[in-house]
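Colleague: fold the following for me, if possible:
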Amino acid sequence: MIPKFKHLFVFAACFLSYIVKAQNNVDQSKIRTLIVFFDGLRPDYITPEAMPNLYAFKKQGAYGAQHHSVFPTVTRVNASSYATGSYPSAHGIMGNSVYFPEVSKTKSLNTGEAADLNKINEATHGNLLTAISIGEILEQAGEKMMVFSSGSTGQALLQNHKISGGAVINPLMILPESIKEKVIQEVGLVPSGSKSNGHVWVTDALIKLGLAADGPLVSSIWFSDPDGTAHSDGIGAATSMASIKLVDEQFGRIIKTLQEKGLTSTFNIIISTDHGFVTYVGKEGLTEFLIKKGLKKEINSDDVVVAAGAVYVKDHDQKVIKNIVSALQEQEWAGAIFTKSKKAGDLKGAIDGTLSFESIHWNNSSRSGDILVDVNWDNRKNAAGYAGASFSKGVAGHGSSSPYEVKIPLIVSGPSFKSAIESNLPTSNVDIVPTILYLHHLKASPTMDGRVMRELLKENTTVALSAKTETIKTTVKQNWGSYNLTINRSIYDGKQYVNFTKVERDLKSSTK
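Modeller: A predicted model of the protein is given here:
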């Protein structure tokens with residue numbers, strides 16, 4: 001054994017012994033849940049060098065090797081999806097940027113800002129989300145959820161948007177206001193300056209409030225790194241790797257606290273992320289392209305409004321929709337294109353060569369756009385050796401349907417879960433809350449799309465051992481050649497998981 005990593009395996013062995021004892025003698029009524037999200041966590045970040053604490057935890061826990069981000073693979077879609085156990089088709093947050101003409105007819109809104117979410121909530125008469133969340137279900141059961149987040153106020157709020165007897169604690173926002181003074185007294189002043197101070201502060205808050213003897217039934221902590229630093233500095237940059245190390249250290253503090261307080265036998269821990277990460281290689285944006293092609297009048301015109309990859313066409317003009325789709329299908333940087341289906345349940349879109357919103361669980365009856373445009377992707381590696389690139393503009397990020405952004409890690413451990421196993425059955429962030437509710441003997445809402453991840457539970461249940469894979473293809477021929485779109489999905493327990501999409505263009509010889 002390499003001496004440098006000896007402490008990792010000691011850590012894992014110690015924690016595993018706690019779990020084994022817990023499994024032998026547990027009062028189910030005392031079990032609590034801790035959800036941990038590391039924003040933008042690629043599976044290949046979890047190494048002994050980069051994340052020793054999480055690596056050790058993974059080795060002794062149950063690992064979901066086929067875990068999925070919800071598409072679009074962006075933060076607030078996945079915060080809403082995990083909190084509601086539902087896809088955008090049900091919960092209504094369609095992207096990081098969203099369009100609500102009731103608020104603004106010409107501009108999208110930023111779901112990262114709680115202030116913009118509050119505008120939406122007011123304009124929709126309290127229906128910010130159109131599916132019930134875990135916080136609401138817990139409140140109905142006389143329990144509560146506390147959210148701790150070092151990220152955006154919008155991401156924090158969407159995890160428990162009605163507060164529901166619990167709390168949302170973020171360096172820029174503490175809700176309800178009535179607990180703000182108590183939080184500051186117990187945790188300390190809200191930090192200023194570097195993001196690292198925020199990571200430490202929310203960890204302090206979780207330890208003192210979430211892990212307290214009288215703490216909530218469910219707590220969540222969301223670290224905004226490695227996402228934040230990787231966006232600006234790139235995957236594998238020294239600063240990005242330092243940010244990964246820092247949040248891993250905070251996770252180590254949480255585990256150490258649980259051990260010191262003797263709480264390992266009463267806490268189930270579920271670890272995930274909102275999306276993976278890729279290097280950006282694009283040079284053109286969607287809005288500027290539409291304006292350049294005369295398909296949108298100007299940046300703030302209401303004839304066509306763009307919210308991230310969603311395109312809203314005034315009066316749903318079919319000619320304009322077809323012209324936009326046709327123009328995009330020719331562009332190398334444009335990836336999968338989705339439109340409304342001709343009839344409910346169709347997996348191909350009404351516009352030739354497109355897939356339907358149903359195929360990706362984006363078919364919200366009132367909030368979907370007329371077109372959803374993904375960026376293309378490929379397998380190239382960046383300077384640090386990390387594979388995966390997309391044709392978005394900037395340094396690095398996420399949002400597309402590449403496997404590098406869709407495939408994410410899932411680690412679970414605690415008295416209710418199996419130990420030291422790896423599952424290759426498909427799971428998704430929408431499966432987290434149905435599993436939590438099941439373990440707490442609470443009824444899931446019929447609106448929830450997710451399932452109970454029974455294959456990870458230690459209880460004696462019979463589950464199917466394999467999933468099916470399906471491929472759906474569509475193509476359209478144009479004067480320049482053909483646009484060929486494929487979506488790959490896994491099917492398990494009646495649920496459909498989007499693995500990736502792929503676009504290929506066959507150019508006519510005269511245009512090659």
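
Colleague: can I get the CA coordinates of the lengthiest helix in the chain in CSV?
Modeller: If you go by DSSP state H, the chain has its longest helix at helix 238-260. Taking Å, rounded to 0.1, in the frame of the first residue of the first chain, the C-alpha atoms of helix 238-260 are listed here in CSV:
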residue,chain,number,x,y,z
ALA,A,238,-4.5,24.7,-10.9
THR,A,239,-7.2,26.9,-9.4
SER,A,240,-9.9,24.5,-10.4
MET,A,241,-8.1,21.6,-8.7
ALA,A,242,-7.5,23.7,-5.6
SER,A,243,-11.3,24.4,-5.4
ILE,A,244,-12.0,20.7,-5.7
LYS,A,245,-9.5,20.0,-2.8
LEU,A,246,-11.2,22.7,-0.7
VAL,A,247,-14.8,21.4,-1.0
ASP,A,248,-13.5,17.8,-0.4
GLU,A,249,-11.9,19.1,2.8
GLN,A,250,-15.3,20.5,3.9
PHE,A,251,-16.9,17.1,3.2
GLY,A,252,-14.2,15.5,5.3
ARG,A,253,-15.2,17.8,8.2
ILE,A,254,-18.8,16.7,7.8
ILE,A,255,-18.0,13.0,8.0
LYS,A,256,-15.6,13.6,11.0
THR,A,257,-18.4,15.5,12.8
LEU,A,258,-20.9,12.6,12.2
GLN,A,259,-18.3,10.2,13.6
GLU,A,260,-17.5,12.3,16.7
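
Colleague: residues of it that come out buried?
Modeller: 240-241, 243-255, 258 (16 or more other Cβ atoms under 10 Å). For glycine as for every other residue, the C-beta is placed from the backbone atoms N, C-alpha and C.

Colleague: and the protein, what are its domains?
Modeller: Annotated domains of the chain cover 3-86+132-279+398-456, 284-332+334-375+468-511 [automatic domain parsing].

Colleague: tell me which of those domains sits most buried.
Modeller: The highest mean neighbour count among the domains of the chain, using mean count of other Cβ atoms under 10 Å, belongs to domain 3-86+132-279+398-456: a mean of 21.

Colleague: what does the model give the residue nearest to Val375 when sequence neighbours are not counted for pLDDT?
Modeller: Spatially, and ignoring its direct neighbours in sequence, Val375 is nearest to Phe391 (4.5 Å; Cβ to Cβ, 6 or more residues apart in numbering). Looking at Phe391, its pLDDT is 98.

Colleague: who are the contact partners of Phe391?
Modeller: 280-282, 332-335, 375-377 (Cβ atoms under 8 Å, 6 or more residues apart in numbering).

Colleague: TSV for those residues, including secondary structure and distance to Ser97?
Modeller: Below are the contacts of Phe391 laid out as TSV (DSSP: H, G, I helix; E, B strand; the rest coil; distance: Cβ to Cβ, whole Å):
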residue	secondary structure	distance to Ser97
Tyr280	strand	17
Val281	coil	21
Gly282	coil	17
Glu332	coil	24
Trp333	coil	19
Ala334	strand	18
Gly335	strand	18
Val375	strand	15
Asn376	coil	20
Trp377	strand	20
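
Colleague: below-threshold pLDDT in this protein: ranges please.
Modeller: Scanning the chain with the threshold set as pLDDT under 70 gives 1-26, 28, 509-512.

Colleague: quick check on the residue most central in space within it: phi, psi?
Modeller: Nearest residue to the geometric centre of the chain (Cα atoms, centre = their mean): Asp274, 2.5 Å. The phi/psi pair for Asp274 (degrees, to the nearest 10) reads phi -90, psi -20.

Colleague: contacts only, for the closest residue to it other than its chain neighbours.
Modeller: Nearest non-adjacent residue to Asp274, counting by Cβ to Cβ, 6+ apart: Asn78, 3.7 Å away. Neighbouring residues of Asn78 by Cβ under 8 Å, 6+ apart: 69-70, 274-275, 429.

Colleague: go on, Met453?
Modeller: Taking Cβ under 8 Å, 6+ apart, we find Met453 in contact with 64, 412, 427, 431, 435.

Colleague: please tell me how far it sits from Asp233.
Modeller: Note on Met453: its distance to Asp233, by Cβ to Cβ, to the nearest Å, is 34 Å.
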